[in-house]
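S.K.: any chance you can model this:
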Amino acid sequence: MLKINEEILDKLNFKGRGGKEQQILASFKNNLVRKNGILYDCVDLETNEKYELKKQKNLQWFDPRKYFGLSVEDQKITIVFLLINENGYCDMIAIVKLGDFVNKIFSKEQLSDADNYAKKYPKDQIKSGILIREFIKKYPRIIRILWKRT
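M.R.: Presented below is the predicted three-dimensional model:
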């Protein structure tokens, strides 16, 4: 389980596009190391748990073709949503298992169609926009809020 480093997290500003993985990793007390997996960004060296890091205000883009044919192991990857306020500071951290997330967002037909399209047109990108704050409200049974700014 992820342990929040509130002293660091409270001071970090995530404003700007992309990156920030090192800052995000510093926001946790776990022994996380950066890894460039297709479905994850870092691994906890002590537990070997894999994490996908998502930093945004609300709208996050996902590529459905990446999720076609997920293995049982892949479904256990934890997505970590770091939700950022208008000033660039994190106001909430929520987690969900990749398998649970994919099952709520995409139908099997969507995933299969995306995979077939990607095979036919490998240079094209497919993106689906998800409003994460609304997703959290809609699916409280699969989402766990780890931290919320008070």
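S.K.: what sits up against the longest helix anywhere in the chain?
M.R.: Secondary structure of the chain read by DSSP state H shows that its longest helix is helix 108-120. With contacts defined as Cβ atoms under 8 Å, 6 or more residues apart in numbering, helix 108-120 is touched by 63, 64, 65, 67, 68, 69, 102, 106, 124, 126. C-betas here are computed from N, CA, C, even on glycine.
S.K.: are any of the residues you listed buried, and if so which?
M.R.: Among the contacts of helix 108-120, those buried by neighbour count (16 or more other Cβ atoms under 10 Å) are 64, 65, 67, 68, 102, 106, 126.
S.K.: just give the nearest non-adjacent residue to the fifth one, would you?
M.R.: The reference is to residue 102. In space, residue 102 comes closest to residue 67 once its chain neighbours are excluded; the distance is 4.6 Å by Cβ to Cβ, 6 or more residues apart in numbering.
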